[in-house]
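Enquirer: generate coordinates for the sequence data below:
(one chain, ligands or ions: 1)
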Amino acid sequence: MSPPKVVIAGAGPAGLMAAEVLARGGARVTVHDRMPSPARRLLMAGRGGLNLTHSEPFEALAGRYGARTGRLAPLLRAFTPGDLRAWADGLGQDTFVGSSGRVFPRALKASPLLRAWLARLDALGVELSLRSAWAGWDADGRPRFRGPDGVETGVEADALLLALGGATEARV
Ligand SMILES: Cc1cc2nc3c(=O)[nH]c(=O)nc-3n(C[C@H](O)[C@H](O)[C@H](O)COP(=O)(O)OP(=O)(O)OC[C@H]3O[C@@H](n4cnc5c(N)ncnc54)[C@H](O)[C@@H]3O)c2cc1C
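Expert: As a prediction, the model looks like this:
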């Protein structure tokens, strides 16, 4: 049986992390993004030092999600702040705890982390398709992507994962 093909729309941190996990699990993964380069918002976040997570005890951190703590705590437990720091460390991005308890990469920017992450994804066989905007589904139920020439093409996939980010800053 050939490995499942997963198409991800959105090359921000959510889409890239999903790509890493799925590729490690044996899936063939292509990540599409409508922009000409991936993770632009992550790079913007890096300008502020890139607050990756917080060092406070797990229960305090989980409690910050208020009414949604019950739903989110199992997800946070499955990938803890410690796991995130170890992941960044694995990309050569050592982290430190600031005076506020927040955790930052020692480089205080996102670009080295992103570079190492993209190299890792490339080594895992993840393909990037840039200037390729998810535009819905075609008549056969396949996800449709619009290229820079405006032409929309249906793409074969066993699964589509949408990681399109929020709508607050649609331009990045
Ligand atoms: C100035 C600034 C500072 C920040 N500082 C921090 C910080 O210190 N720490 C922190 O944790 N967070 C910070 N954030 C927030 C952080 O950047 C976001 O939470 C994070 O980028 C969200 O990741 P995401 O993958 O969900 O979405 P995004 O990063 O928004 O990625 C979504 C991707 O989907 C693509 N996309 C959208 N629609 C389509 C489509 N139809 N087809 C194909 N692609 C599409 C977009 O081009 C984008 O690349 C900051 C944000 C900003 C703007």
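
Enquirer: buried sites along stretch 142-158?
Expert: Across stretch 142-158, burial judged by 16 or more other CB atoms under 10 Å covers 143-146, 155, 157. The way it works is simple: take the backbone N, C-alpha and C, and place the C-beta from them, glycine included.

Enquirer: so that stretch, near the ligand or not?
Expert: No: judged by CB under 6 Å from any ligand atom, stretch 142-158 stays clear of the ligand, getting no closer than 7.3 Å.

Enquirer: pull the residues that contact that stretch.
Expert: 4-7, 9, 30, 32, 34, 129, 131-138, 140, 160 (CB atoms under 8 Å, 6 or more residues apart in numbering).

Enquirer: ok, stretch 103-110 next?
Expert: With CB under 8 Å, 6+ apart as the test, stretch 103-110 has contacts from 39, 42-43, 45-47, 49-55, 81, 84-85, 88, 93-98, 112-113.

Enquirer: quick one: low-confidence ranges for the protein?
Expert: 168-172 (pLDDT under 70).

Enquirer: write out the residues of it neighbouring the ligand.
Expert: Checking the chain against the ligand by CB under 6 Å from any ligand atom, the hits are 9-15, 32-35, 40-42, 44-45, 48, 50-51, 133-134, 163-165, 169.

Enquirer: mind checking which of the residues you listed are in strands?
Expert: 9, 32-33, 133-134 (DSSP state E).

Enquirer: farthest pair within the residues you listed?
Expert: 33 and 134 (9.2 Å; CB to CB).

Enquirer: neighbour-wise, which of these two wins?
Expert: Of the pair residue 33 and residue 134, residue 33 is the one with more neighbours under other CB atoms under 10 Å, namely 25 against 20.

Enquirer: just give the closest residue to that one, not the sequence neighbours.
Expert: residue 11 (3.8 Å; CB to CB, 6 or more residues apart in numbering).
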